[in-house]
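**Student:** Here is the input, now give the coordinates:
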Amino acid sequence: MEPGERRVDGTFDVFESVRRELNEELAIEPADIADMVCLGLIHDTTIRQPELIFDVYLRLSRSQVEMRFGSDGPRQEHDAIVALADEPASAVPFIRSAPLIAPIAVGAICLHGRRCFGEAWYHEGVRGHKTGRA
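**Tutor:** Residues are numbered from 1 along each chain as shown. A predicted model of the protein is given here:
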């Protein structure tokens, strides 16, 4: 969220901030977004700020997102997009094998899994087995 995004009453529309970020970083337009859900807040002590975590469902294919990401221009804030199968058995092995994954990304994957795969998955698959990340 940026200071210029404050409403007249001083509050923020966090969903509008996510739409702006997706447009800046991936050229995702509001019409490309089918649904958006706020999953929670994660505080990463290494960057010393809280991060809101969202599930965003797109009307675009993976290849369409990758093409937009790969286009030249000022949108490039990241080095790559990495795909992860949206399946219960994929998340923990992905976290363990990814060499350069930010703690916020680990938390986002875990919160997504908790929402989509259930509490049992979260407690047994994630909390019950250390992911190998701090």
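**Student:** Could you use CA atoms for every contact and neighbour count after this?
**Tutor:** Noted.
**Student:** Roughly how far does His123 sit from Arg96?
**Tutor:** Distance, His123 to Arg96, by CA to CA, to the nearest Å: 17 Å.
**Student:** so where's this structure uncertain?
**Tutor:** Applying pLDDT under 70 to the chain flags residues 1, 71-77, 125-134.
**Student:** Walk me through the domains of it.
**Tutor:** 1-77, 82-134 (automatic domain parsing).
**Student:** Would you convert those into CSV that also reports mean neighbour count?
**Tutor:** Output for those, formatted as CSV (neighbours: other CA atoms under 10 Å):
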stretch, mean neighbour count
domain 1-77, 13
domain 82-134, 14
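**Student:** and the top helix by length along the chain, what other elements does it pack with?
**Tutor:** Ranked by residue count under DSSP state H, the longest helix found in the chain is helix 103-117. For helix 103-117, the elements it packs on are strand 33-44, strand 49-58, helix 91-97, judged by 3 or more CA pairs under 8 Å, 6 or more residues apart in numbering; DSSP states H and E.
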